[in-house]
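Chemist: fold the following for me, if possible:
(one chain, ligands or ions: 1)
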Amino acid sequence: TPSKPAFQRVLLKLSGEAFGHAGKNGISLDETLAIAEQLKRVVEMGTQLAVVVGGGNLLRGAQFSAGLNTIKQATADSMGMLATVMNGLALQDTLESLDIQTRLMSAIPMDTVCEPYIRRRAIRHLENGRVVILAGGTGNPFVTTDTAAALRGRELGVDVLMKATRVDGVYNSDPEKNPYAEKYDRLTYHKVLQDRLKVMDLSAFDMCQEAKLPILVFNYKADRAIERAIAGHAIGTLVTG
Ligand code: UDP
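Modeler: Purely as a prediction, here's the structure:
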């Protein structure tokens, strides 16, 4: 039986890598299904769920434009934002194959493909129990989907911003490089800034701090991690005021 959710309305930031096989480009049907199955159980707990999707499995603007200088970063960023729409479409159909109602909304209007992002409409969808998939980032270049997550989290009045990553929280140094790195269970915004800990992009972090929006960083690969996090189990690292 699903546990009672600790959070009523959640914004989940899923990096593009969640849609692909580790270290590989592209979209994997099984990885997308594995994520969708977790999201289904979250929705069944009664949590209102908005998902901001990244696009790094397909293209990251800054990396793509670096080098030859033939494609401007603003253009490459548009390409990156379009990549997030591809992930969003994949997640939408996969969730619907599991009988979960969804709406895909894009910050870049694309009327024949999905709905435009309209804040009040997104809130209605959440109230009606639909998973709202937010694609197209912020619609603007030079930022990433972390910023989109913070922005939408505030706009939609969520209780927590959950950042699903490959590592199981915030460490005092990079755990993929330093075997002695130690994980924090809880952090304050102040400590993150003081120790320059990597939680999310600074502009996104700033936006969360300003609104005192808690951030939970956790590993989406761990068994049932997303539903456990939403049920309020102590996993990952929670950043609060
Ligand atoms: N992007 C952008 N503006 C936004 C969000 C994303 O220009 O508001 C572009 C940017 O090029 C970024 C790419 O889309 O690199 C994919 O998003 P992101 O890198 O955040 O994906 P993730 O790392 O979460 O997979």
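Chemist: near the ligand, which residues of this structure? Just list them.
Modeler: Taking Cβ under 6 Å from any ligand atom as the contact definition, the chain meets the ligand at 15-17, 54-56, 60-62, 76-77, 80-81, 83-84, 137-138, 140-141, 143-145, 147-148. C-beta coordinates here come from the backbone N, C-alpha and C atoms, glycine included.
Chemist: got a quick PyMOL command for the buried subset of the residues you listed?
Modeler: In PyMOL, the members of the residues of the chain next to the ligand classed as buried (16 or more other Cβ atoms under 10 Å) are selected with the following command:
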select buried, resi 15+16+17+54+55+56+60+61+76+77+80+81+83+84+137+138+141+143+144+145+147+148
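Chemist: among the residues of the chain next to the ligand, which lie within strands?
Modeler: Using DSSP state E, the subset of those located in strands is empty.
Chemist: can you pull the buried residues of stretch 34-44?
Modeler: Ile35, Ala36, Glu37, Gln38, Leu39, Lys40, Arg41, Val42, Val43.
Chemist: and that stretch, how far out from the chain middle?
Modeler: Shown here is stretch 34-44, whose average C-alpha point lies 14 Å from the average C-alpha point of the whole chain (Cα atoms, centre = their mean, to the nearest Å).
Chemist: now it: mean pLDDT?
Modeler: The average pLDDT for stretch 34-44 rounds to 94.
Chemist: neighbouring contacts of it?
Modeler: Residues external to stretch 34-44 that are found in contact with it (Cβ atoms under 8 Å, 6 or more residues apart in numbering): 2, 5, 10, 12, 14, 18-19, 49, 51, 91, 94-95, 97-98, 100, 129, 131, 220, 224-227, 230.
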